[in-house]
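Novice: predicted model and sequence below, questions to follow.
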Amino acid sequence: MAAAAVEVGERRKKVIIDTDPGIDDAMAILVALRSPELEVIGLTTTFGNVHTAVATRNVLHLLEAVGRTDIPVAEGSHVTLKKDSKLRIASSCHGSDGLGNQGLPPATTAKPLDQPASAFLVEQANLYPGQVTVVALGPLTNLALALELDPLFPKKIGQIVVLGGAYSVNGNVNPAAESNIFGDPDAADIIFTCGADVLAVGINITQQVILSEADREKLEHSDSKYARYICKSLAHYFDYHSQVYFTKGVYLHDPTALLAAVNPSLVTLAEGVVRVQTAGITKGLTLFRSTEKWYADMSAWSSMPTVKVAVTVDAPAVVELMMQRLMADD
Ligand SMILES: O=c1[nH]cnc2c1ncn2[C@@H]1O[C@H](CO)[C@@H](O)[C@H]1O
């Protein structure tokens with residue numbers, strides 16, 4: 001536990017997870033709930049791996065299953081920032097229910113707030129200025145809507161950790177684009193250039209962090225209700241990876257971003273401007289301009305706020321920490 005153990009008396013980081021569960025989203029949420037460094041003050045839902053209504057249903061089911069219905073859930077946008085309702089849903093990756101086609105029943109009593117996700121984000125940023133970290137595991141629509149509601153949101157929010165982008169590697173929707181950025185590229189470009197403290201963890205990082213069959217067996221033999229919950233959906237995720245990536249393991253996208261928020265020393269960073277291509281065959285492409293080169297003419301990147309982009313990861317440490325958190329005694 002050494003690296004990420006929380007100091008006694010240290011203040012826990014307030015976290016809101018914006019999520020579209022999604023098998024690896026569910027893993028990340030479970031890891032967050034088991035991380036003493038974090039205080040999960042809310043979950044907001046979005047589309048991506050599933051439609052938003054299904055994301056809300058899955059979040060409520062998960063919280064009920066692990067006895068954490070004390071955490072508020074605010075439902076997010078059902079459409080992109082530009083009100084496009086023709087969404088790309090990654091059902092082949094996660095199953096049509098988002099959790100590996102288990103046919104889960106809806107939550108019995110848990111309900112979302114009346115407040116939409118964007119209003120909840122603004123409210124929490126105002127309540128705890130500079131103290132709230134948003135871990136964004138889906139398209140960035142809710143965050144862009146929060147900024148529309150309150151132009152000072154980027155200054156009031158503590159940090160935004162974005163699981164999104166493919167920096168100098170192919171995407172996973174097509175060679176140009178990673179799924180979360182492709183889902184709402186206009187929202188992503190706004191968030192990357194809004195001046196907030198943004199840390200982007202792209203698939204160039206998360207595809208180095210792999211849960212093996214042996215790890216999965218360990219989870220299956222664990223008595224922890226957290227490990228048991230996620231194991232039920234893992235078969236589908238493993239099958240998907242073997243079909244499209246020809247691998248025996250699965251990528252830990254969302255848990256890696258979450259753990260980067262828990263323990264930033266798991267990744268190293270570069271700083272620079274990121275712009276997102278919003279149209280054409282490279283729609284959703286994330287282009288990082290490092291500060292190591294001076295360009296004479298570079299208007300779309302000039303004078304823009306910078307973000308931090310993860311460039312290396314201690315992959316074995318991430319896997320180990322995730323396993324510890326999921327298997328720790330209740
Ligand atoms: O092959 C894929 N296509 C689309 N989405 C994917 C794929 N693999 C994983 N994800 C989902 O998109 C985010 C990372 O890009 C993750 O949330 C993951 O669940």
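Specialist: Noted; the coordinates are in hand.

Novice: and residue 288, that's in a strand?
Specialist: Yes: read with DSSP: H, G, I helix; E, B strand; the rest coil, residue 288 is one of the residues of a strand.

Novice: got a pLDDT number for it?
Specialist: Turning to residue 288, the model gives it a pLDDT of 96.

Novice: also residue 301?
Specialist: For residue 301, pLDDT reads 89.

Novice: please apply the same query to residue 131.
Specialist: 98.

Novice: do the same with residue 1
Specialist: For residue 1, the pLDDT comes out at 40.

Novice: before we move on, what about residue 329?
Specialist: At residue 329, the model reports a pLDDT of 75.

Novice: so where do the strands sit in the stretch 1-150 of the chain?
Specialist: Ranges of strands in the stretch 1-150 of the chain, per DSSP state E, counting those that start in this stretch, are 13-19, 38-45, 73-74, 132-136.

Novice: of all the ones you listed, which lies closest to residue 241?
Specialist: Of all the strands of the stretch 1-150 of the chain, strand 13-19 sits nearest to residue 241, with 20.3 Å by Cβ to Cβ. Quick note: C-beta positions are derived from backbone N, CA and C, even for glycine.

Novice: circling back to that earlier point, quick one: closest of the strands of the stretch 1-150 of the chain to the ligand.
Specialist: Closest of the strands of the stretch 1-150 of the chain to the ligand is strand 13-19, at 8.7 Å (criterion: Cβ to the nearest ligand atom).

Novice: just want the phi and psi numbers for the residue of the chain found nearest the ligand.
Specialist: The ligand sits closest to residue 179 of the chain, with a gap of 3.4 Å, by Cβ to the nearest ligand atom. Phi and psi for residue 179, reported as degrees, to the nearest 10, are phi -60, psi -50.

Novice: thought it was touching residue 173?
Specialist: Yes: between residue 179 and residue 173 there is a contact under Cβ atoms under 8 Å: 5.2 Å.

Novice: now do the shared contacts for the two.
Specialist: Listed as contacting both residue 179 and residue 173 by Cβ atoms under 8 Å, 6 or more residues apart in numbering are residue 88.

Novice: the two: which has the busier surroundings?
Specialist: residue 179 (25 against 18; other Cβ atoms under 10 Å).

Novice: grab the nearest non-local neighbour of residue 121.
Specialist: The spatially closest residue to residue 121, leaving aside those adjacent along the chain, is residue 146, at 4.1 Å (Cβ to Cβ, 6 or more residues apart in numbering).

Novice: residues contacting the one you found?
Specialist: Residue 146 neighbours (Cβ under 8 Å, 6+ apart): 117-119, 121-122, 125, 153.

Novice: poorly predicted segments of the stretch 151-300 of the chain, please.
Specialist: Applying pLDDT under 70 to the stretch 151-300 of the chain picks out no residues at all.

Novice: swap the cut-off to 90 and go again
Specialist: Counting by pLDDT under 90, the stretch 151-300 of the chain shows low-confidence ranges at 290-299.

Novice: alongside the ligand, which residues does it contribute?
Specialist: Within reach of the ligand by Cβ under 6 Å from any ligand atom, the stretch 151-300 of the chain has these residues: 172-173, 178-180, 203, 244, 253-254.
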